[in-house]
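Asker: Quick one: sequence plus predicted model below, questions after.
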Amino acid sequence: MKSNSARLAAIAAITSYKPSTPPLNFLDTPTKDIFGVNVFSNEVMKERLPKAAFKAVMRTINQGAKLDSVYADAVATAMKDWAIEKGATHYAHVFYPLTGQTAEKHDSFLSPDGNGGAITEFSGATLIQGEPDASSFPSGGLRATFEARGYTAWDVTSPAYILENPNGTTLCIPTAFCSWTGEALDKKTPVLRSMQALNKQAQRILKLFGVSEPGLVTSTAGAEQEYFLIDRNFYYARPDLHICGRTLFGAAPAKGQEFEDQYFGAIPERVLACMLDAERELFKLGVPVKTRHNEVAPSQYEVAPVYENANVAADHQQLVMLTLQRVAQKYGLACLLHEKPFAGINGSGKHLNWSLGTSSANLLEPGDTPHDNAQFLVFCSAVIRAVSLNAPLLRAAIAHAGNDHRLGANEAPPAIISIFLGEQLADVFEQIEKGGAKKSKKAGTLTVGVDTLPPLPKHAGDRNRTSPFAFTGNKFEFRAVGSSQSISGPLVILNTIVADSLDYIATELEKVGNSDPKKFNTALQKVLQQIMKEHKSVIFNGDNYSEAWHKEAEKRGLPNLRNTVDAHAAVTAAPFSNLFAKYGVLSKKELKSRQEIYFERYCKDIATEGKLTLSIGRKMILPAAYRYQQELSITAAAVKEVGVETDIVSLEKVSALIDSLETALDTLEAALGHEASGSVANHAKHYRDEVIPAMGEVRSVADALEMIVSDDLWPLPTYQEMLFIK
């Protein structure tokens, strides 16, 4: 009896694969002509809006001013006409609830005219506010289930866009989402609040440096997205991948990533076709994707954008994930965004590049002589102080069940939050601590030793790929963000904690003012020196993967919150809850609700994985093992029948493993059946301490069986097949 029919069918389908759609005519329209073509951009608004309305909208976007609702009707009419010209029949207020996913409610432009016909309508009031049902979204106790009213509010600063579908288009309007009581129920609202707080404190610093009209200070972001692509036939033959996004079973293949031949290798033709299609769709939506390449693990890839306004970048990042998943289907592929789809090889992250600046200046640009760049030193030291004081918050920002599989291994930064500054900046700040910076190490020229190659500019310091938070020239790279998560949470944390440190520095410097340059400079040096003395322990330029660093970090007193449960438990401590409330980013009630939601999500993720582990183990793996045990028993009996006395070692091994698997499955079932009492945090601890180890034991035994059971009986596509058959 064969059990591997699904595997064989999948392989047959892959080897005979043909694209379901004709190739793109990439010569028809140059890329530059399609970029932003489906975006209600500044240029489109300038063409279509009355001058007064256009100026009002631009003041909101560029200066953070409130938009007078009197202009909303003009914007709505122009937006509707533009969308209908592009084939839109519906509009959707797009929002980002605390599921971490994108949500949308579609409404038709058509309304009955009372005479048997219909007219198209879209008013300013409709543009500004929508009302989706809020009762079924996670609220962490902010709303009872019977309290259904929730509002979406138009985010003027993030452009509307057209989302294409083979059968039509939809006008999508980015919005914030809040409850009837005004509390944030989404990811976007706190981002906007935190950017407002950051701008306010940064303006104080710039004023002290004599910048009279700096313009709006915004945080900027660009998230490098890692992902896997595997054939959809394999995907649907693996219930664990389909439901949980990761393999709950799977023995290591003979070849993994140890040959180091995947990273930046030639991109397979089918994968490249998918990438090109996805990029084209993202270009239409104004998403500035720049880089694509093979990642370290087999079947792993990356796409990276140019960084932009952080709020827009967060919206664009959601579009990147959706587009990758949608386009992959056209090519018979499944896009896996889970942090650890396959054990034993590198998982996927989302390196979040973060900076802050005005429309004309990056405030984290050190220049050629950073020791002389006092303004840069202030903003950079504010980040150092912020990370040092609030490391638990940054750790919590990237804590979820998927990322627990990845953080701390030799593929991703550890749970210990530290800062890499590089050789040049580390030296400058060491000088500051000792009394004042007098010089900066110079960048040089790299000579390759080949006459036909030009001299190459060499940076003043190397990069550090093991650091969770690294300075990379004119921005910081938060490398620990998970591949499946929204970047909004990490942005909220970064914006808020840096706003707090800028507030601290500004308050100290405002005591002396800037009327006397000598006194101001003395006060500035004192503040910077104090920050370095108190917070230098967070700076580490070495190997974050090493055991020596873990010991050193413990000596320095740096927190090591090893898992999601520990990380989220720290969030509502008084210093942190007071911090968010102080800057109007999240009230204590809102912060507590998010902690509840993230604990609940952790429990749901592990519960789903546990139940599926139980189901696959009993319904697929055990039956395959029983069949092989039967085959071996028949063989043993036949050998004995002909008078040959021999021990069938494989039969003994399989029988022992079957016993172990049954025991492990019973243990897992008991762990899933027993619920902890008390708070949701206690439930999360139960899943961490009881369910996850029980799942691990089931997998360990099942993977051992995979290495023994006859291949024609094994029911699940193997790692070797999924990762290497393209």
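Answerer: Arrived safely, thanks for sending. Just so it is clear, the structure is predicted and the values come from calculations on it, not from any experiment. Numbers count the residues shown, from 1 in each chain.
Asker: quick one: secondary structure of the spatially closest residue to residue 707 that is not a sequence neighbour?
Answerer: Closest residue in space to residue 707, ignoring its immediate chain neighbours: residue 251 at 5.3 Å, by C-beta to C-beta, 6 or more residues apart in numbering. Glycine gets a C-beta too; all of them are placed from N, C-alpha and C. Three-state call for residue 251 (DSSP: H, G, I helix; E, B strand; the rest coil): coil.
Asker: swap in residue 191?
Answerer: What three-state DSSP gives for residue 191 is helix.
Asker: I'd like the numbering to begin with 157 instead of 1 from here.
Answerer: Yes, from this point I'll number from 157; that puts the last item at residue 347.
Asker: right, and it touches residue 643 too?
Answerer: No - the criterion here is C-beta atoms under 8 Å, and residue 347 misses it with residue 643 at 9.1 Å.
Asker: Could you give the bridge partners of residue 267?
Answerer: Beta-bridge partners of residue 267, counted by DSSP bridges, are residue 275.
Asker: need the strands for the stretch 407-556 of the chain, in chain order.
Answerer: Along the stretch 407-556 of the chain, the segments classed as strands by DSSP state E, counting those that start in this stretch run 445-450, 456-461, 464-465, 489-492, 506-513.
Asker: Present the ones you listed as TSV; the columns should include distance to residue 798.
Answerer: As requested, the strands of the stretch 407-556 of the chain are exported to TSV (distance: least, C-beta to C-beta, whole Å):
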stretch	distance to residue 798
strand 445-450	55
strand 456-461	52
strand 464-465	76
strand 489-492	50
strand 506-513	62
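Asker: Residue 281: which of those strands is closest?
Answerer: Residue 281 lies closest, by C-beta to C-beta, to one member of these: strand 464-465, at 26.7 Å.
Asker: which stretch among the strands of the stretch 407-556 of the chain comes nearest residue 222?
Answerer: Closest to residue 222 of the strands of the stretch 407-556 of the chain is strand 464-465 (C-beta to C-beta; 18.1 Å).
Asker: Show me how far that closest one is from its chain's centre.
Answerer: What separates the centre of strand 464-465 from the centre of its chain is 16 Å, taken as C-alpha atoms, centre = their mean, to the nearest Å.
Asker: How about stretch 463-481?
Answerer: Computed by C-alpha atoms, centre = their mean, the chain-centroid distance of stretch 463-481 equals 10 Å.
Asker: buried stuff in that stretch?
Answerer: 463-477, 479-481 (16 or more other C-beta atoms under 10 Å).
Asker: the strands in the stretch 157-306 of the chain, which residues?
Answerer: In the stretch 157-306 of the chain, the strands defined using DSSP E, counting those that start in this stretch lie at 244-251, 259-264, 266-268, 274-276, 285-286, 306-310.
Asker: so the second one versus strand 306-310, what angle?
Answerer: It stands for strand 259-264. Here strand 259-264 runs at an angle of 80 degrees relative to strand 306-310 (axes from the mean of the first three to the mean of the last three C-alpha atoms, to 10 degrees).
Asker: Quick one: list the elements packing against the longest helix along the chain.
Answerer: Counting residues, the longest helix found in the chain (DSSP state H) is helix 744-772. If you count contacts as 3 or more C-beta pairs under 8 Å, 6 or more residues apart in numbering; DSSP states H and E, helix 744-772 packs onto helix 395-400, helix 557-560, helix 720-725, helix 730-738, helix 805-829, helix 836-842, helix 848-862.
Asker: buried ones in it?
Answerer: Within helix 744-772, the residues that count as buried by 16+ other C-beta under 10 Å are 746-759, 761-762, 765-770, 772.
Asker: before we move on, what about stretch 704-718?
Answerer: For stretch 704-718, a neighbour-count test (16+ other C-beta under 10 Å) marks 705-706, 708-709, 714-715, 717 as buried.
Asker: what's the most buried one of the helices and strands packed on helix 744-772?
Answerer: The highest mean neighbour count among the helices and strands packed on helix 744-772, using mean count of other C-beta atoms under 10 Å, belongs to helix 557-560: a mean of 26.
Asker: Packing partners of that one?
Answerer: helix 720-725, helix 744-772.
Asker: any chance of those helices in CSV, with distance to residue 178 and mean pLDDT too?
Answerer: Converted to CSV, the helices and strands packed on helix 557-560 look like this (distance: least, C-beta to C-beta, whole Å; pLDDT from 0 to 100):
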stretch, distance to residue 178, mean pLDDT
helix 720-725, 45, 94
helix 744-772, 38, 96
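Asker: in the chain, which strand has the most residues?
Answerer: Longest strand in the chain, counting residues (DSSP state E): strand 374-387.
Asker: so after it, what's the next helix or strand?
Answerer: helix 388-393 (DSSP states H and E).
Asker: Report the distance from that next one to the chain centre.
Answerer: Relative to its parent chain, helix 388-393 has a centroid offset of 24 Å by C-alpha atoms, centre = their mean.
Asker: average pLDDT for that helix?
Answerer: For helix 388-393, mean pLDDT rounds to 94.
Asker: Show me which positions of it end up buried.
Answerer: For helix 388-393, the buried set under the neighbour-count rule, 16+ other C-beta under 10 Å, comprises 388-391, 393.
Asker: which outside residues touch it?
Answerer: The contact list for helix 388-393 (C-beta atoms under 8 Å, 6 or more residues apart in numbering) reads 162-163, 165-167, 169-170, 397-398, 484-485, 488-490, 872-873, 877-878, 881.
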